[in-house]
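>>> I need the structure of the sequence given here:
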Amino acid sequence: MFSEFGQKPVRPGDVILLGPNVLCGSEPEGHITVTTIYADTDYVIDQAFWQYAGIVYDRLDAPVFVKETFTEPAQIIRLGEQHAGLLMPWLDELVGLSLDDAHARFHRMQALWFNVMDRIAPHIRVTDHRVSPSQRARSLPVHPRVRRFAPTRAEADMVRAALSGAIANPWTLDDLSEMVHLSTKQVARVFTDAYGKTPLAYLTMLRVEEMARLLRETDLTIEQAGRKVGWQSRNRASEAFRQATGLTPSRYRIMLATQYRRHHDQPRGIAGSTTACVPGLSHSGVETVQNRRSS
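Got it, this is the predicted structure:
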């Protein structure tokens, strides 16, 4: 698994926690079964408020509390195969219910979610301040929309559409604020409230995603791929890519070549695969690597 924490081995029984807007990828050896739970950021913040009601004075304080307490963008929890095995019946039932009418068994799904988190939560690392470069002050939790009873502001959607439609453009906050007729401070606040990242951090994420695709699917050099997504120097492109994925572009391309050779060297039908997963932009991800082999 590679992400902002670098490249680390993941074994059956491990739990991978990913914050919102965190890029990650995996290079599996053989076949494994992975169960993924997407937890809405607003929902997680609400749960944190009730869990720490004795500390957090008001619900409006909960997003700040979560930001300052859960600072790691990605974590690997070594739960172990035996303890992870206890989660499997709950995970299987949760998956089954999510494929059926989730509204009909809403409370059962909540109970299963709490059973899973009861096993995982004690192992989540928390800090009250930044202690490592990977912890990001610029990526903020989304303020609960249900609390404000308001949809995402149109200005935030306009900015997102503009960034997504022209990632190679040398965007500045001044450009974006002029486009939506807000001050630079306002556009940064409105966008971060909606998407959990500042506009320029969000743009960096989009560029890294596209650069990874170019490295996978084309023969462009690293410098050419970087320029194509908007970075004018190889050093800047490499640094942004490394910060987002935990790998340098060179290492990423070598990994792909190694995986390609492994694919063709293995007997037919048991080849591994290289995947890149990007959590939903308004969700946190929880992935459990189980000790079951797929057929």
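>>> residue ranges for the strands of the stretch 101-250 of the chain, please.
Counting by DSSP state E, counting those that start in this stretch, the stretch 101-250 of the chain forms no strands at all.
>>> which residues in it form helices?
106-120, 145-148, 154-165, 173-180, 184-195, 199-217, 222-229, 234-245, 249-265 (DSSP state H, counting those that start in this stretch).
>>> nearest to S3, of the ones you listed?
helix 234-245 (6.4 Å; Cβ to Cβ). In short, each C-beta sits where N, CA and C put it, glycine included.
>>> let me know the angle separating the closest one from helix 199-217.
100 degrees (axes from the mean of the first three to the mean of the last three Cα atoms, to 10 degrees).
>>> give me the residues contacting helix 234-245.
If you take Cβ atoms under 8 Å, 6 or more residues apart in numbering as the criterion, helix 234-245 is touched by 2-4, 23-25, 204-205, 207-208, 211-212, 222-223, 225-227, 229, 231, 247-250, 252.
>>> just the C-alphas of it, formatted as PDB.
Taking C-alpha atoms only, helix 234-245 is exported to PDB below (Å, rounded to 0.1, in the frame of the first residue of the first chain):
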ATOM      1  CA  ARG A 234      10.200  18.000 -12.900                       C
ATOM      2  CA  ASN A 235      11.200  18.800  -9.300                       C
ATOM      3  CA  ARG A 236       7.900  20.400  -8.500                       C
ATOM      4  CA  ALA A 237       5.900  17.600 -10.100                       C
ATOM      5  CA  SER A 238       8.000  14.900  -8.400                       C
ATOM      6  CA  GLU A 239       7.700  16.500  -5.000                       C
ATOM      7  CA  ALA A 240       3.900  16.900  -5.300                       C
ATOM      8  CA  PHE A 241       3.500  13.400  -6.500                       C
ATOM      9  CA  ARG A 242       5.600  12.000  -3.600                       C
ATOM     10  CA  GLN A 243       3.700  14.000  -1.000                       C
ATOM     11  CA  ALA A 244       0.300  12.700  -2.300                       C
ATOM     12  CA  THR A 245       1.200   9.100  -2.900                       C
END
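>>> start and end of stretch 161-172, how far apart?
Taking Cα to Cα, to the nearest Å as the measure, stretch 161-172 stretches 15 Å from start to finish.
>>> buried sites along it?
A162, L163, I167, W171 (16 or more other Cβ atoms under 10 Å).
>>> now do stretch 60-70
So for stretch 60-70, counting by 16+ other Cβ under 10 Å, buried means A62, P63, F65, V66, K67, T69, F70.
>>> could you export those residues as CSV, including distance to L94 and secondary structure?
Output for the buried residues of stretch 60-70, formatted as CSV (distance: Cβ to Cβ, whole Å; DSSP: H, G, I helix; E, B strand; the rest coil):
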residue, distance to L94, secondary structure
A62, 25, helix
P63, 26, helix
F65, 27, helix
V66, 23, helix
K67, 28, helix
T69, 26, helix
F70, 22, coil
